[in-house]
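Asker: Sequence first, then the predicted structure:
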Amino acid sequence: MSTWRDEKNQKARARLEKRLSALFPGCVLSHALRQPLIPPTQRRAVESYWRHRPLLADRLARALAARSGQPAGWEWRLGTGKDSGLPMSFRVPPAPYREAAFARGPGHCCVCGQPVYRLGWHCDLWDDGKPNRNATWHAACVVAWQLWTVPPDHLRMLKLRQQRRCATSGRRLLKTAEVDHRVPLFAVWAEHRARPWPELLAFWGAPNLQVINRTAHLEKCAGEAAARARRRAIDPDTPPEEEFAVPLADRNPIPISG
């Protein structure tokens with residue numbers, strides 16, 4: 001097996017170095033050459049680099065979104081079909097540049113709105129001012145979107161960030177530990193949807209993600225459900241969007257801009 005891998009890596013490295021451009025990011029090359037199986041192309045090396053750094057990708061994607069800013073006339077809305085690009089649920093991050101009315105077209109990232117350059121890179125290392133007209137995603141934004149929409153897939157990385165300690169109890173995380181949003185997404189929709197779009201993304205990103213033990217998670221969810229039930233008992237006619245505007249179990253302040 002070791003001989004097979006060595007031979008495969010020799011061929012992959014030779015192929016990678018043969019087509020390596022002079023301005024290829026050094027950090028990506030160093031990462032690629034450290035992998036058990038070396039990626040044979042520049043693009044796959046870039047994809048591997050960001051796939052191993054989801055928290056960095058999240059931070060970069062939110063910074064790029066802040067650079068683009070919120071499009072004039074845009075507001076966070078939910079849709080009923082795929083044609084408009086509107087999200088079907090408040091659990092999907094708002095993405096104005098994925099909507100038909102605000103899309104910037106090929107050569108621009110549909111997540112952050114910034115130009116996409118060669119190999120899905122986020123800045124013009126080649127200094128030719130030419131976005132890749134065949135691309136609509138940054139390599140980093142792909143990984144950030146995956147973190148925002150399926151955070152349990154990044155459980156290991158999030159555990160390491162917390163030094164394997166439960167975010168609420170401080171105890172050691174068990175195998176059954178779960179990823180949780182400090183501020184629940186239903187509360188984001190009910191209470192924070194008027195915030196500027198770049199700020200909203202932090203509620204799906206690392207600043208609002210925590211890993212807690214299953215018991216603590218159940219207690220937290222029960223507390224939130226009880227608070228909503230008390231609100232309904234006091235005012236049965238409360239509209240759904242106002243139902244969530246109550247003290248939540250996870251109201252601890254967090255650095256949303258971080």
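Answerer: Received the coordinates, thanks.

Asker: so what secondary structure elements neighbour the lengthiest helix in the chain?
Answerer: Scanning the chain for the helix with the most residues, using DSSP state H, yields helix 214-234. Counting by 3 or more Cβ pairs under 8 Å, 6 or more residues apart in numbering; DSSP states H and E, the packing neighbours recorded for helix 214-234 are strand 178-181, helix 240-243. The C-beta positions use only the backbone N, C-alpha and C, and glycine is treated the same way.

Asker: The chain: strands as residue ranges?
Answerer: In the chain, the segments counted as strands under DSSP state E are 178-181, 209-212.

Asker: Lowest average confidence across the helices and strands packed on helix 214-234, which one?
Answerer: Looking at the helices and strands packed on helix 214-234, the lowest mean pLDDT belongs to helix 240-243 (a mean of 48).

Asker: Quick one: mean pLDDT for stretch 37-51?
Answerer: The average pLDDT within stretch 37-51 is 96.

Asker: outside of that stretch, which residues touch it?
Answerer: 5, 8-9, 11-13, 15-16, 19-21, 24-25, 27-29, 31-32, 35, 56-57, 119-121, 139-140, 142-143 (Cβ atoms under 8 Å, 6 or more residues apart in numbering).

Asker: And for stretch 68-84?
Answerer: With contacts defined as Cβ under 8 Å, 6+ apart, stretch 68-84 is touched by 85-90, 94, 96-97, 99-102, 112-114, 189, 193, 196-198, 200.

Asker: Make a PyMOL selection of the buried ones in the residues you listed.
Answerer: Buried residues within the contacts of stretch 68-84, by 16 or more other Cβ atoms under 10 Å, are selected in PyMOL with:
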select buried, resi 85+86+87+90+94+96+97+99+102+112+113+114+189+197+198+200
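
Asker: Measure how buried Gln146 is and give me the count.
Answerer: Number of residues near Gln146 (other Cβ atoms under 10 Å) recorded here: 17.

Asker: which ones are touching it?
Answerer: By Cβ under 8 Å, 6+ apart, the contact list for Gln146 reads 54, 153-154.

Asker: are any of the residues you listed buried, and which?
Answerer: Burial of the contacts of Gln146 was assessed by neighbour count (16+ other Cβ under 10 Å); the buried members are 54, 154.

Asker: any idea which of the contacts of Gln146 is closest to Ala135?
Answerer: Distances from Ala135 to those, taken as Cβ to Cβ, are shortest for Pro54 (20.1 Å).

Asker: The closest one against Pro151, yeah?
Answerer: No. Between Pro54 and Pro151 there is no contact under Cβ atoms under 8 Å: 9.2 Å.

Asker: where in the stretch 51-200 of the chain is pLDDT low?
Answerer: 81-84 (pLDDT under 70).

Asker: again, only this time at 90
Answerer: Across the stretch 51-200 of the chain, the ranges flagged by pLDDT under 90 are 78-89, 100, 105, 125-130, 168-169, 186-187, 190-191.
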